[in-house]
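Undergrad: how would this look folded up:
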Amino acid sequence: MTDSNASTNDAPIVSVRKVEKTFRRGGEEIRVLDALDLDVPKGEFLALMGPSGSGKTTLLNLIGGLDQPTGGSVVVAGEHIEDLSSRELADWRAENIGFVFQFYNLLPVLSAARNVELPLLLTSLSRAERKRHVAVALEAVGLSHRASHTPRTLSGGEQQRVGIARAIVTDPTLLLCDEPTGDLDRKSGDEILSLLQALNRDQGKTIIMVTHDPHASARAARTVHLEKGQLVSSVVAGAMA
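TA: Numbering: from 1, shown residues only. Predicted structure coming up:
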């Protein structure tokens, strides 16, 4: 419960309360999340870890409005997103969420710049304004010189940088990353993690990252562990477990 005397600036940007998520498989009901609570302060870099089936990607999808909880509430930047209609959710995601995926999800026939521009096509920005936003995003990930290149001419690490540029081009409230280094070698993965840290540190981006890799989670300010749909531990970087 939020202290009524606290400043609104102290309120978490993400507040998950008693969230449940169940799926039906045949006649069986499978509970993926079980009365889970989680707060994420604005500007935090948070890692979600847990074994396969623990519910970490499901939780990320609920926070990003890609799925709806079976029970409980998900509040992001003051919005109860479980109450939004499908159309309202789509508009809300476009304005508030940047997604980074393990396999990049770039369109192979488009240049890096055009891939980054895609989320802006849902906005009212003019073509010139979109071009400026794309240039800023590519500059932020160090790929201005590769703007005209298609994905097949880019390395895996460069493709993921394009994916991150696409995620930040709308200046979203939250950056949600699902195994962002899972398809990269260690060197490229380290470069992506350093980029995420820089976005968090220098631009104040709130980042939630699902990962199975302790090396990746060590870059986050805090790591929460899920098992069987419940939060079992929360460890701040540099603190004792």
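Undergrad: For Lys228, see how far away the nearest residue to Leu226 once chain neighbours are set aside is.
TA: Excluding the flanking residues, the one nearest Leu226 by C-beta to C-beta, 6 or more residues apart in numbering is Gly50, at 3.7 Å. (Glycine included, C-beta is placed from N, CA and C.) Counting by C-beta to C-beta, to the nearest Å, the gap from Gly50 to Lys228 is 9 Å.
Undergrad: now swap in Val210 and tell me
TA: Counting by C-beta to C-beta - Val210 and Lys228 are separated by 16 Å.
Undergrad: Show me which of these two is the more surrounded one.
TA: Using other C-beta atoms under 10 Å as the criterion, Val210 and Lys228 rank with Val210 on top: 25 against 14.
Undergrad: wouldn't the more buried one be in contact with Thr58 here?
TA: No: using C-beta atoms under 8 Å, Val210 is not in contact with Thr58, being 9.8 Å away.
Undergrad: so after the helix or strand hosting Ala198, what's the next helix or strand?
TA: Using DSSP states H and E, Ala198 sits within helix 186-203. Remark: after helix 186-203, the chain's next helix or strand is strand 206-210, criterion DSSP H and E.
Undergrad: residues in contact with the helix or strand in which Lys131 is found?
TA: Lys131 belongs to helix 127-140 when assigned by DSSP H and E. Contact with helix 127-140 is made by 112-113, 116-117, 120-121, 123, 125, 144, 146-147, 162, 165-166, 168-170, 199, 203, as judged by C-beta atoms under 8 Å, 6 or more residues apart in numbering.
Undergrad: With only the CA atoms kept, save the helix or strand that that helix is followed by in CSV.
TA: Under the assignment DSSP H and E, the closest C-terminal helix or strand after helix 127-140 is helix 156-168. C-alpha atoms of helix 156-168 as CSV (Å, rounded to 0.1, in the frame of the first residue of the first chain):
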residue,chain,number,x,y,z
GLY,A,156,24.2,-10.2,-34.4
GLY,A,157,25.3,-7.5,-31.9
GLU,A,158,24.6,-4.8,-34.4
GLN,A,159,21.1,-6.2,-35.1
GLN,A,160,20.4,-6.2,-31.4
ARG,A,161,21.5,-2.6,-31.3
VAL,A,162,19.1,-1.8,-34.0
GLY,A,163,16.4,-3.6,-31.9
ILE,A,164,17.3,-1.4,-28.9
ALA,A,165,17.2,1.8,-31.0
ARG,A,166,13.7,0.7,-32.3
ALA,A,167,12.7,0.2,-28.6
ILE,A,168,13.8,3.6,-27.4
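Undergrad: for helix 156-168, the distance to its chain's centre please.
TA: 13 Å (C-alpha atoms, centre = their mean, to the nearest Å).
Undergrad: for stretch 24-38, same thing?
TA: 22 Å.
Undergrad: average pLDDT for that stretch?
TA: Over the span of stretch 24-38, the pLDDT mean works out to 88.
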